[in-house]
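A.B. asks: My questions are about this predicted structure, shown below with the sequence.
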Amino acid sequence: VLVAVLACVPAAAFAVSAVFNGDPVNSSTGLPYEILPGFPLVMPGPDGLIGTADDIVDTSIIGDIDMVVRSGSPLAADTIPPPAAQGNRAALPHGVAGSTAGGGTEIPFTVFLSDGAVSAAAPSGHLLAAADMDGIPVIVTAFADFDGDGFIGPTNQDAAGATDNRFEVEELKQVGRAVALFSGGVARGAVAVHAGRPASQGGLTVVLAAMAVTGPFDPSFFNGSIPSGPAIATALPFFPQRDLAKLIRDRAVPVGPNTTLQQVIDFVMLPSPGVTAPFALQTDGSSPTIDVAVVNSQPAVRAVFREDAKGHALSAPVGELVVGTQAPANHRSLRLVPVDRWGNPADPTPALSLSLHTSAPLDLVQPAQARRGEAVRLSSARGVRIAVRAQRGTIDGSTGTLIIEEDGVVVGALPFRIDARANQPRSDIIAPSRAAPTIQAAINQVTDRNHDGALVVTVRPGLYHENIVVNRSIVLRGAGTGSTIIAGDGTGSVVSVSAPNSMIQGLTTVGGSSGFALAGASTLLIDSRAWHNLGAGIAVSGPSVRVVRDHAAENGADGLSVNGATGIVCSGNQLFDNGGVGATLSGVQSALFNDNLSATNAAGGVTLVAANGSSVIDNQVGDNTGPGIQLLASQSCQVLGNLSTVNDDDGVHIDSKGSEAPGLFLLPRGGGNPTTDNLVSGNTVDTNHGYGLFVRRSPNDDFSAASGTQPPPGDNTVTNNRKGNVFVRTN
């Protein structure tokens, strides 16, 4: 948090910083253009957004160097020193994952302002001691080269070409950030990196990049204590987020006096392969503005199950093991991997021996020791391969747990579920292929080649730049959210479903106006992810749509937005860090929202508006800006067995006339349906910053499953809420 840091920032307005001397100026604003070093000028087109298909690119204007970051603590001199990455790997700063307080070793860094006057003798320019930048914070961010190809981010320049771009998308996530203040053109600090790799594997290469917002100071923006732009940056692996309402945040909340001051470097959209210069950052020291360090993981403290990445450096955690009832879906392969306290693969201690146990109807097949009931020894950071199989004749819906024990003590557990839906129909067409070079082409031409009554389009692992329309009743099946990623161009939904009875599975969508737009009746979206879309992650308007076990994270609006639909089922989803509400269900009838997790969203956890006869059951709603669960102008709903905790406003907010909270859905005063006849029972509502239960203008609600109408709190557990546990008003 920067509250203390920014108290040091001068509050008086000033002219454009000296770092922009000689830079081209936008005649319409009078301010310098924001251009990444070495990139052409990119301006938004008619949609007003950077990174979308209508961008205007001016190749006659190339960004110069305004700022340079170096790993380590080199001395300040007139000529900015070269990157440490130009030396041998042993000479690089080495850290250990985590903060110093958490047993790690932080990476020291030094940021220099540059005059941009580059030459063979000074490839990064000369130190610029710009007095107007004194006290200005600079954000230093670490990105990890997870696949070890020498680049950060998706690129075809590495040895694997386009085949590994889907893995490289994960490298756009920050693995550490820190803030320092400029003084005399130099800022020094240290950054804790939470990702690492075992020392036996040479550690994890991370790239340090930086960004700073300059003046002028706007009195209406944080009382003039924070510079409001324009920004300067080193090279970055993407177009950075420049909406200050989202840039200066702890999560994507509207800027206001109560916003947590945490600056981040975030991306707007995935880089397109058609950009005029590559975004991917090289780790060899050839880039004059960034630098490199190495981070080792801490010693192994436990073991976890990971997806079997088949030799690839990346492997995803497994939250639940889903096994089918028929071959081949009744077999699954995993890896048991030793990890440090941060979840990084780690070198095991020589004595790390574990026992594996599973309950029927799941059998351990490999390794042989586990099958015989013997201990499994982890001798390297790669761990061991685990194979399991559902027993013949297993009943659909059976559940159990795969357990890890050390010396008789349970140290890990993985729940499993037998699900006949994993018995996927055979593929009719594969994309990309010679017959179908794009996903859309496969959708357009698929026929039932194997005569099983289903049209199945299988999408290979990869990163695809398409906006897809599903206008036929098909199964569109990717290889998993970490493997099949579809990037839109910002002009529409990445995947739009208009046909009924379609099934979408195993895809990630990013960069669209929404991720998934589900208008077709009885569509099933399952095991998919909507990430970093400009609007809602998942937008539902068709009847009887099911949204099951999906993720919606870091989207610009609601994670899940349901409008005017009936019979919707939303179950087992995770909704995180979205710019609106985790889930909004508006104008719906008989919707079921159960067993979901909605957290750290910008405008609330779950909001129902005119959602008559709907149910919100067994959800976890926490740490959202705004109310946890809202019921507005809704009748005969059930809110049962939910946990609503640590939200910035009320835990459960019920009101027939809407909410006055900024950024939330407002109903016309005096209009809309009344909120009445709802059952609110068995919920745990604690430690919210507003009221626990807020009930206004909502008659005939029942707060207990017992017979008769019970007043609040009824059988709800409501404790430790900041404004009070129960507030009731009739007008």
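C.D. replies: Looks like it arrived, so ask away.
A.B. asks: where does the stretch 151-300 of the chain have low pLDDT?
C.D. replies: 216-218, 220-226, 242-264, 272-276 (pLDDT under 70).
A.B. asks: same question but for the stretch 1-150 of the chain, I mixed them up
C.D. replies: Filtered on pLDDT under 70, the stretch 1-150 of the chain yields the residue ranges 1-15, 51-53.
A.B. asks: how about the helices in it?
C.D. replies: 3-6 (DSSP state H, counting those that start in this stretch).
A.B. asks: can you pull the contacts of residue 411?
C.D. replies: With contacts defined as Cβ atoms under 8 Å, 6 or more residues apart in numbering, residue 411 is in contact with 302, 303, 354, 404, 405. No exception for glycine: its C-beta is placed from N, CA and C like everyone else's.
A.B. asks: Would you confirm that residue 85 contacts residue 291?
C.D. replies: Yes - here residue 85 reaches residue 291: they are 5.6 Å apart, a contact under Cβ atoms under 8 Å.
A.B. asks: any idea of the pLDDT on residue 340?
C.D. replies: At residue 340, the predicted lDDT confidence score is 91.
A.B. asks: What distance do you get for it to residue 190?
C.D. replies: Distance, residue 340 to residue 190, using Cβ to Cβ, to the nearest Å: 20 Å.
A.B. asks: and what of residue 26?
C.D. replies: Taking Cβ to Cβ as the measure, residue 26 falls 36 Å from residue 190.
A.B. asks: which of these two has more neighbours?
C.D. replies: Set side by side, residue 26 and residue 190 show more neighbours around residue 190, with 18 against 13, by other Cβ atoms under 10 Å.
A.B. asks: For the more buried one, list the residues it contacts.
C.D. replies: Counted by Cβ under 8 Å, 6+ apart, residue 190 has contacts 106, 107, 108, 109, 178.
A.B. asks: Pick the one among these closest to residue 148.
C.D. replies: residue 107 (18.3 Å; Cβ to Cβ).
A.B. asks: tally of neighbours for the closest one?
C.D. replies: Neighbours of residue 107 using other Cβ under 10 Å come to 28.
A.B. asks: Please list all residues in contact with it.
C.D. replies: Residues in contact with residue 107 (Cβ under 8 Å, 6+ apart) are 71, 93, 95, 142, 176, 190-193, 206, 208, 293, 295.
A.B. asks: quick revisit: taking the contacts of residue 190, tell me the two that lie furthest apart.
C.D. replies: Within the contacts of residue 190, two members stand farthest from each other by Cβ to Cβ: 108 and 178, at 10.0 Å.
A.B. asks: anything in contact with each of these two?
C.D. replies: 189, 190.
A.B. asks: So the residue lying closest to residue 34 once chain neighbours are set aside versus residue 134, what's the distance?
C.D. replies: Distances taken as Cβ to Cβ, 6 or more residues apart in numbering put residue 230 closest to residue 34, at 5.0 Å, once the chain neighbours are dropped. For residue 230, the distance to residue 134 (Cβ to Cβ) stands at 18 Å.
A.B. asks: more neighbours, the two?
C.D. replies: More neighbours surround residue 230 than the other of residue 230 and residue 134, with 22 against 15 (other Cβ under 10 Å).
A.B. asks: I'd like the contacts of residue 107 as a markdown table, with distance to residue 241 appended.
C.D. replies: Shown next, in a markdown table, are the contacts of residue 107 (distance: Cβ to Cβ, whole Å):
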| residue | distance to residue 241 |
| --- | --- |
| 71 | 24 |
| 93 | 28 |
| 95 | 26 |
| 142 | 17 |
| 176 | 18 |
| 190 | 25 |
| 191 | 19 |
| 192 | 22 |
| 193 | 21 |
| 206 | 21 |
| 208 | 19 |
| 293 | 24 |
| 295 | 25 |
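A.B. asks: Which single one of the residues you listed is nearest to residue 149?
C.D. replies: For the contacts of residue 107, the nearest to residue 149 is residue 206 (14.0 Å; Cβ to Cβ).
A.B. asks: three-state assignment of residue 162?
C.D. replies: Per DSSP: H, G, I helix; E, B strand; the rest coil, the local secondary structure of residue 162 is helix.
A.B. asks: Check the one 3 residues further on too.
C.D. replies: Following three-state DSSP, we place residue 165 in the helix state.
A.B. asks: now the one 4 residues further on
C.D. replies: Secondary structure assignment for residue 169 (three-state DSSP): helix.
A.B. asks: mind checking how far it is from residue 388?
C.D. replies: From residue 169 to residue 388 the distance is 29 Å (Cβ to Cβ).
A.B. asks: same question, residue 405
C.D. replies: Distance, residue 405 to residue 388, using Cβ to Cβ: 16 Å.
A.B. asks: Tell me how many other residues surround the closest residue in space to residue 266 that isn't next to it in sequence.
C.D. replies: Nearest non-adjacent residue to residue 266, counting by Cβ to Cβ, 6+ apart: residue 241, 4.3 Å away. The number of residues packed near residue 241 is 22, by other Cβ under 10 Å.
A.B. asks: Run a quick neighbour tally on residue 372.
C.D. replies: 8.
A.B. asks: and it, how far is that from residue 305?
C.D. replies: Distance, residue 372 to residue 305, by Cβ to Cβ: 20 Å.
A.B. asks: swap in residue 561?
C.D. replies: Using Cβ to Cβ, residue 561 is found at 33 Å from residue 305.
A.B. asks: With neighbour numbers in mind, choose between the two.
C.D. replies: Neighbours per residue (other Cβ under 10 Å) separate residue 561 from residue 305, with residue 561 holding more: 25 against 22.
A.B. asks: Nearest residue to the more buried one in space, ignoring adjacent ones along the chain?
C.D. replies: Nearest non-adjacent residue to residue 561 (Cβ to Cβ, 6+ apart): residue 536, at 4.1 Å.
A.B. asks: Quick one: residues contacting the one you found.
C.D. replies: So residue 536 contacts 514, 515, 530, 552, 555, 557, 558, 559, 560, 561, 580 (Cβ under 8 Å, 6+ apart).
A.B. asks: Likewise for residue 584?
C.D. replies: 558, 560, 561, 562, 606, 607, 608, 609, 665 are the contacts of residue 584 under Cβ under 8 Å, 6+ apart.
A.B. asks: give me the element the fourth one is part of.
C.D. replies: With secondary structure defined by DSSP states H and E, residue 562 is part of strand 560-563.
A.B. asks: average model confidence for that strand?
C.D. replies: On average, strand 560-563 scores 97.
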